[in-house]
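# turn this into a model:
(2 chains)
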Amino acid sequence: ETAVFQTPNYHVTQVGNEVSFNCKQTLGHDTMYWYKQDSKKLLKIMFSYNNKQLIVNETVPRRFSPQSSDKAHLNLRIKSVEPEDSAVYLCASSRTGGNQDTQYFGPGTRLLVL
Amino acid sequence: AQSVTQPDARVTVSEGASLQLRCKYSYFGTPYLFWYVQYPRQGLQLLLKYYPGDPVVQGVNGFEAEFSKSNSSFHLRKASVHWSDWAVYFCAVHQGGRALIFGTGTTVSVSP
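Numbering: from 1, shown residues only, chains lettered A, B, ... in the order given. The predicted structure is shown next:
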């Protein structure tokens, strides 16, 4: 099966903890993304990454960092979570990152910070 | 700056009736536009996408969209709605630098 896979589905943690979310794509794509979807369902790009370049949305706090071992994986680490980090984190991938490319999304990881 | 506006937060439609979801974009240059659907507790799935060319784009599950440069619009349509179309629909434009800019979404509820 070719798709974008995310783990865990759901994570509950306390303020100040570190969390890490995994994303893997089996589509053979070169570019991967992390988006944040808040409680009002607003979607905002956080990072886009291929083997050449990381592009960071300048509004993303420094406690967030992407981690990639190869072009099929792009994990997301949050060093010390805050209550406002509660959201759904969606991973996506596309073939090259060009304007015409379709982005394929995973099912999301829902984070709740207590 | 590039942006996407979906003016309707929620639309309720009867099963079998037609549906139109509005999308207005702001973009300098040639826009590449997308409609995605999000079912409850799932990720986003592509319905259709627009490349410069034919302004009417056919998508999956009977959806189509029409691009209008003069109106800066990319409205989504379906002739006959099914209960399974109950979902949130997002319009998006490719920002360049790879990211998609999404509208705020329109929730479609289907009544029997």
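# where in the chain is pLDDT low?
In the absence of a named chain, this looks at chain A. A:1, A:52, A:97 (pLDDT under 70).
# chain B was what I was after
B:96-98.
# which single strand of it contains the most residues?
Secondary structure assigned by DSSP state E gives strand B:87-96 as the longest strand of chain B.
# what packs against it?
Judged by 3 or more Cβ pairs under 8 Å, 6 or more residues apart in numbering or on different chains; DSSP states H and E, strand B:87-96 is in contact with strand B:3-5, strand B:33-38, strand B:73-78, strand B:99-102, strand B:106-111. Any C-beta I mention is one placed from the backbone N, CA and C, and that applies to glycine too.
# one more time with 6 Å
strand B:33-38, strand B:99-102 (3 or more Cβ pairs under 6 Å, 6 or more residues apart in numbering or on different chains; DSSP states H and E).
# can you list the ones you listed in JSON lines and add mean neighbour count?
JSON lines is the format used below for those (neighbours: other Cβ atoms under 10 Å in any protein chain shown):
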{"stretch": "strand B:33-38", "mean neighbour count": "23"}
{"stretch": "strand B:99-102", "mean neighbour count": "23"}
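# which one of these lies nearest to residue B:2?
Nearest to residue B:2 among those is strand B:99-102 (5.5 Å), distances taken as Cβ to Cβ.
# just list whatever residues bridge to residue B:111.
residue B:14 (DSSP bridges).
# ok, it - how many residues close by?
11 (other Cβ atoms under 10 Å in any protein chain shown).
# is it true that it touches residue B:14?
Yes: assessed by Cβ atoms under 6 Å, residue B:111 is found in contact with residue B:14 at 5.2 Å.
# all strands for chain A, in order.
Under DSSP E, chain A gives strands at A:4-7, A:10-13, A:19-25, A:31-37, A:43-49, A:54-56, A:64-67, A:75-78, A:87-94, A:104-105, A:109-113.
# closest one to residue B:41 among the ones you listed?
Nearest to residue B:41, of the strands of chain A and by Cβ to Cβ, is strand A:109-113 at 8.3 Å.
# could you list every helix and strand in contact with the closest one?
strand A:10-13.
# can we see that at 7 Å?
Applying 3 or more Cβ pairs under 7 Å, 6 or more residues apart in numbering or on different chains; DSSP states H and E, we find strand A:109-113 packed against strand A:10-13, strand A:87-94.
# need these in a markdown table (columns: mean neighbour count and distance to residue B:8).
Output for the helices and strands packed on strand A:109-113, formatted as a markdown table (neighbours: other Cβ atoms under 10 Å in any protein chain shown; distance: least, Cβ to Cβ, whole Å):
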| stretch | mean neighbour count | distance to residue B:8 |
| --- | --- | --- |
| strand A:10-13 | 14 | 30 |
| strand A:87-94 | 24 | 22 |
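# got these as JSON lines, with distance to chain B columns?
Converted to JSON lines, the helices and strands packed on strand A:109-113 look like this (distance: least, Cβ to the nearest Cβ, whole Å):
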{"stretch": "strand A:10-13", "distance to chain B": "10"}
{"stretch": "strand A:87-94", "distance to chain B": "6"}
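# list the contacts of residue 82.
Just so you know, I chose chain A. Listed by Cβ atoms under 7 Å, 6 or more residues apart in numbering or on different chains, the contact set of residue A:82 reads A:15, A:113.
# try again with chain B
Neighbouring residues of residue B:82 by Cβ under 7 Å, 6+ apart: residue B:15.
# nothing else from me, thank you.
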